[in-house]
Each structure stands twice: as C-alpha cells, then as structure tokens.
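[1] one predicted model, sequence on top.
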Amino acid sequence: MFHHVSIGVSDLDRSAKFYDAVLGALGHERYMEKDGTTSWKSNAGGGVFWINRRDELTVVPDDGRHIAFRAESNDAVDAFYQAAIAAGASGDGAPGFRPEYRDTYYGAFVLDPDGHKIEAVHLPAA
C-alpha cells in the first residue's frame, strides 16, 4: 500500500545509527542518503523508510501514531527489541503475543531516541 514513510528526527547521525541497528535486525539496509535525510529498504523489496533532520521537532507522546515494521519471525521481533534497547530506545511493550489484535500476532514496541513509537510485528498467514 505505501511507497514510503518518513519521520522527522532531531539528530540525524544519532537516529541513523539507531535505525541501522534496529532495522538491520529485520533485514533492512540503508538505501539512500542525501543532505538531511537517510532511508532504509528491505532486501525483500517493498516500501522505504526515511528519517529527515528537523531543527524544531515536536513528537506528541501516545497520540495513537506508530510505525510497524514487518518481521519474518518471532525471533526477528525479539532481535528488533533487543537491538532497539541496546541502541537507546525505551521499551513500550516487550515482545510477545497480542491476542487482542489476533491470536498469532507477535509484536514489540519501543520509543526511538526522539520518542516516535515503532513496532516490529510477525503475523503468520492464516
């Protein structure tokens, strides 16, 4: 459905290192870099995730927004969470099943260095 998604960050270098670790755990690699922006793309194809430096950034906590990245397995969700915490994220929902969404929904939530809520989710086909 989406071609790309982008978010603002206050420190491009810090956030790029964070997303290298977090998205690397899910099999994504840096895709393109330009002045003030960096992106990642999955080796399997699909949409592109961008971060863009913003001098004035306001992230509203718990406003209902988050970005969920597809994981190929529950182990990949676990690796995402561990990489995120090691890279400075705050946990916002440890890895586990979320039966309130679907019986097989396995996900983890973190807040990135600027407070953006991101998730990794593995949802096997029914």
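    That came through, no problem. Since the model is a prediction, treat every value here as computed from it, not as a measurement.
[2] C-alpha from now on. contacts and neighbour counts both.
    Noted.
[3] where along the protein do the helices fall?
    12-24, 74-86 (DSSP state H).
[4] need the contact partners of the first one.
    Taking contacts as C-alpha atoms under 8 Å, 6 or more residues apart in numbering, the residues outside helix 12-24 that touch it are 9, 29-30, 36-38, 40, 51-53, 80-81, 83-84, 87-88, 112-113.
[5] tell me the spacing between residue 31 and residue 7.
    16 Å (C-alpha to C-alpha, to the nearest Å).
[6] does residue 115 touch residue 58 like I think?
    No: the criterion here is C-alpha atoms under 8 Å, and residue 115 misses it with residue 58 at 9.3 Å.
[7] can you list the low-confidence ranges for this structure?
    For the chain, applying pLDDT under 70 flags the ranges 126.
[8] more neighbours, residue 115 and residue 58?
    Using other C-alpha atoms under 10 Å, the more surrounded residue of residue 115 and residue 58 is residue 115, with 16 against 12.
[9] dump the helices of the chain to JSON lines, plus mean neighbour count.
    Putting the helices of the chain into JSON lines (neighbours: other C-alpha atoms under 10 Å) gives the following:
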{"stretch": "helix 12-24", "mean neighbour count": "19"}
{"stretch": "helix 74-86", "mean neighbour count": "21"}
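[10] same list (the ones you listed) but as JSON lines, adding distance to residue 120.
    JSON lines is the format used below for the helices of the chain (distance: least, C-alpha to C-alpha, whole Å):
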{"stretch": "helix 12-24", "distance to residue 120": "9"}
{"stretch": "helix 74-86", "distance to residue 120": "5"}
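[11] I appreciate the help and will end here.
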